[in-house]
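# structure for this input, please:
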Amino acid sequence: MTIFYYALLRGAIRNTFSLVVNCFIPIALIFVRPFWTQGVFGITIGFGLLAFVTMSGAYLMSLNILKDKAEGAIHRILAAPVTMRQYLMQNLLACMVPLTAQMLIISALGYFLYDWSITLSLAIFLCYSVLMLASVAMAFAWHCLFKDGDQSASSFMFLLTFMAVLGGLFVPTEFFPGVLQYLGAIFPVYWGIQGLNSVLETGAISSDFWLPIAAMLLFTAAFLLYGGKRRII
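Predicted coordinates for the structure are as follows:
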């Protein structure tokens, strides 16, 4: 588990910017009551903002992969008795520990501050956790396309903004014309919002909730398979 501890240290503790994005900003958002009690276009804007911030944080947590690639450390790591799958899974676990802990705190605060039901709090925790899992895996695959961190970051922020618009983070996809309503389905965030909306509308966890969860897990597996190709990294 040496890779896990080192990745956790670099990604969540020593990286001040990542610490702010992953801990302080999301938790601060839950205390801004208008975000969670006033809707825009019939939705509560806080959920979209939280998804955008946590996906940005997931990318920041994944930067260890790109650093190892740029510095050539990946070749030294794989020269040891470590497989690419072990390397990716331990980095993935290091990213998910602080991200999941953050979401647990936010779900608990929502329960006390806004009277979220236990069902809603658990659904929010699960939906966002799986979305962050898919986001980290997507970032791993994204890093395979770049050697320079600045190029990767600027391109990913453009992609994240594009996904936020088409995925329905701030405006429901039902407002889009024609095929644009379904174009966001090629991104994990679309399914995250679909799963979340199913619980917000019904107040219960149904099959409409589990389908988006399954879709995000399939995205995660696909991204990890792509990012796990040693010849690419």
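
# element containing M138?
Element membership for M138 (DSSP states H and E) is helix 118-143.

# do V171 as well
Take DSSP H and E as the rule and V171 turns out to sit in neither a helix nor a strand.

# so where do the helices sit in this structure?
Under the criterion DSSP state H, the chain contains helices at 2-8, 16-19, 25-29, 33-37, 45-61, 63-71, 73-79, 84-113, 118-143, 149-167, 180-183, 188-202, 207-227.

# check the offset of the last one from the chain's centre.
Right, the one you point to is helix 207-227. 12 Å (C-alpha atoms, centre = their mean, to the nearest Å).

# that helix to helix 188-202, inter-axis angle?
Helix 207-227 and helix 188-202 are oriented at 170 degrees to each other (axes from the mean of the first three to the mean of the last three C-alpha atoms, to 10 degrees).

# tell me the buried residues in helix 207-227?
For helix 207-227, burial by neighbour count (16 or more other C-beta atoms under 10 Å) applies to 209, 212-213, 215-217, 219-220, 223-224, 227. (Each C-beta comes from the backbone N, C-alpha and C, glycine too.)

# now render those as TSV, adding pLDDT.
Listed next are the buried residues of helix 207-227 as TSV, based on pLDDT from 0 to 100:
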residue	pLDDT
F209	93
P212	94
I213	95
A215	95
M216	96
L217	96
F219	95
T220	94
F223	90
L224	86
G227	72
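
# pipe those residues into JSON lines and attach distance to A139 per row.
Formatted as JSON lines, these follow (distance: C-beta to C-beta, whole Å):
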{"residue": "F209", "distance to A139": "25"}
{"residue": "P212", "distance to A139": "20"}
{"residue": "I213", "distance to A139": "20"}
{"residue": "A215", "distance to A139": "18"}
{"residue": "M216", "distance to A139": "14"}
{"residue": "L217", "distance to A139": "16"}
{"residue": "F219", "distance to A139": "12"}
{"residue": "T220", "distance to A139": "11"}
{"residue": "F223", "distance to A139": "8"}
{"residue": "L224", "distance to A139": "11"}
{"residue": "G227", "distance to A139": "9"}
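
# tell me which of the helices of the chain lies nearest to E174.
Among these, helix 180-183 comes nearest to E174, with 6.5 Å by C-beta to C-beta.

# where does pLDDT dip in this protein?
Of all residues in the chain, those with pLDDT under 70 make up the ranges 1, 11-17, 38-43, 148-149, 228-233.
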